[in-house]
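Engineer: sequence plus predicted model, see below.
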Amino acid sequence: MELTDADLVARVLVNDDQHAFGELVRRHQSPVRGLLRQLTRTDVALADDLAQQTFLRAYKNIRSFRGEARFSTWLYRIAYNCFREDARRRKELVGIDEEQLQTQHDPQVASPGLRHDLMRALSLLPLNERSAVLLCCQNGLSHDEAARVLDIPLGTVKTNVLRGREKLKRMLADWGPN
Amino acid sequence: MKEVNQEDWLDQQLREAAPYIDDEGFTARVLQQLPPPRRGTDFLRAAILLGMTFIASVLAYVVSGGGRFVSVTIERLAALPALWVFVLALASGLVVAAVGATAAISKGWVLET
C-alpha cells in the first residue's frame, strides 16, 4: 500500500526520515516546478532554483505543517513566497518587460500554435491574475485554497480568476470553440 | 451555455499546457542540500543521559554505605504480610502500564497529526 503524504510527513517529523522527504519531493516536484515556470514566465533555470529553495524551506519548517490544508497547497504557498521574495529582489513585480518576453525561450512551448499563444497570453497577464488563474484553473485548487496560498481575501481571488479568464478568452478568441 | 463551454475549453487547455516535468536529478539535488539528519544529536543526548545515570548510581552507592539500604529495604519487604507485598507489586505494575500507555498515545497522536 502506498503511503499518503500525511504518513510521509509524520515519518519526517518523528524520525527525521530523509528518504520519506525524498518521496515527497518526487511526488510534488512536477507541479511545483511547473507553477514556478509559469510564474517566472518560463525562466526554467530560475524556476528550478526557486523550486529547490521551496523544498529546502519546506523541510526546515515541516513542523509548521499542521495538516489543515493539503501538503501540495502548503508547498504552493511556500513556492509562491519564494517567487515573490525573489521577484521583489529583482523588482519585477510591476510591469512586463516586453523585450525580455521576446527573448525568453522555453523548449516546451517552442512550437507555434495554440499552446504557444496560451503561454504567451498567460505571461501577459498581471501577476495577481496570472497566479490566481494558474492555481485555480491549471492546478485545480479551490478558490479558498488559492486564497491561502496567495494570502489574499477569497473575494479577491475570485475577481482575479474571473478577470484573468476574461482576458485569456479575449486573447485566444481565434482558437476558442465556436 | 456557450460561455460555459468556453470556460471548460480554456481550463482544459490550461491543464494540458502543464505537462509532467521529469525529475532528471532534481530530487537528488534537493536531498544533497538537506542538513544532516538529527541522529548525531540524538546519540549525544542518549550518551549524556546514560553517563549522568551511571554517575548518579555510583554516587548513591558510595553515599549509602555500599548499598546497604538495598538489603535493609529487602529485609523490610520480606517481613511485610503477603497481602501488602501483592498490593505494592500491583501498584507498581499499574504505574508502569499507565506511563507506557501515555507514551504510546502521545506518539500515536503525533503520527496522526
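Structural biologist: Thanks, I have the structure now.

Engineer: run the chain-centre distance for stretch A:138-154.
Structural biologist: The chain centre lies 11 Å from the centre of stretch A:138-154; the measure is Cα atoms, centre = their mean, to the nearest Å.

Engineer: ok, stretch A:8-21 next?
Structural biologist: Worked out by Cα atoms, centre = their mean, stretch A:8-21 lies 24 Å from the chain centre.

Engineer: ok, now stretch A:73-81?
Structural biologist: 8 Å.

Engineer: residue contacts, residue A:132?
Structural biologist: Taking Cβ atoms under 8 Å, 6 or more residues apart in numbering or on different chains as the contact definition, residue A:132 lies against A:146, A:150, A:157, A:160-161, A:164. C-beta: built from backbone N, CA, C; applies to glycine.

Engineer: weed out the non-buried ones from those.
Structural biologist: A:146, A:150, A:157, A:160-161, A:164 (16 or more other Cβ atoms under 10 Å in any protein chain shown).

Engineer: helices - which of these land there?
Structural biologist: A:146, A:150, A:157, A:160-161, A:164 (DSSP state H).

Engineer: switch the residues you listed over to a markdown table; also include pLDDT and distance to residue A:65.
Structural biologist: A markdown table is the format used below for those (pLDDT from 0 to 100; distance: Cβ to Cβ, whole Å):
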| residue | pLDDT | distance to residue A:65 |
| --- | --- | --- |
| A:146 | 95 | 18 |
| A:150 | 94 | 18 |
| A:157 | 95 | 22 |
| A:160 | 95 | 26 |
| A:161 | 94 | 26 |
| A:164 | 93 | 29 |
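
Engineer: so which two of these are the farthest from each other?
Structural biologist: Largest separation among those by Cβ to Cβ: A:150 and A:164, giving 12.5 Å.

Engineer: pull the CA atoms of stretch A:33-48 into PDB?
Structural biologist: C-alpha atoms of stretch A:33-48 as PDB (Å, rounded to 0.1, in the frame of the first residue of the first chain):
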ATOM      1  CA  ARG A  33       8.300  23.400 -10.800                       C
ATOM      2  CA  GLY A  34       5.500  23.800 -13.400                       C
ATOM      3  CA  LEU A  35       3.900  26.500 -11.300                       C
ATOM      4  CA  LEU A  36       7.200  28.400 -10.800                       C
ATOM      5  CA  ARG A  37       8.000  28.100 -14.500                       C
ATOM      6  CA  GLN A  38       4.700  29.800 -15.300                       C
ATOM      7  CA  LEU A  39       5.200  32.500 -12.600                       C
ATOM      8  CA  THR A  40       8.700  33.300 -13.800                       C
ATOM      9  CA  ARG A  41       7.400  33.400 -17.400                       C
ATOM     10  CA  THR A  42       9.200  30.200 -18.400                       C
ATOM     11  CA  ASP A  43      12.600  31.100 -17.000                       C
ATOM     12  CA  VAL A  44      13.400  27.400 -16.400                       C
ATOM     13  CA  ALA A  45      16.700  27.900 -14.500                       C
ATOM     14  CA  LEU A  46      15.300  30.500 -12.200                       C
ATOM     15  CA  ALA A  47      12.100  28.400 -11.600                       C
ATOM     16  CA  ASP A  48      14.200  25.300 -10.700                       C
END
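
Engineer: and chain B, is it touching that?
Structural biologist: Yes. On the criterion Cβ under 8 Å from any Cβ of the partner chain, stretch A:33-48 is in touch with chain B at A:33-34, A:37-38, A:48.

Engineer: residue B:75: neighbouring residues, count only.
Structural biologist: Using other Cβ atoms under 10 Å in any protein chain shown, the number of residues around residue B:75 comes to 9.

Engineer: apologies, that question was intended for residue A:170.
Structural biologist: The number of residues packed near residue A:170 is 10, by other Cβ under 10 Å.
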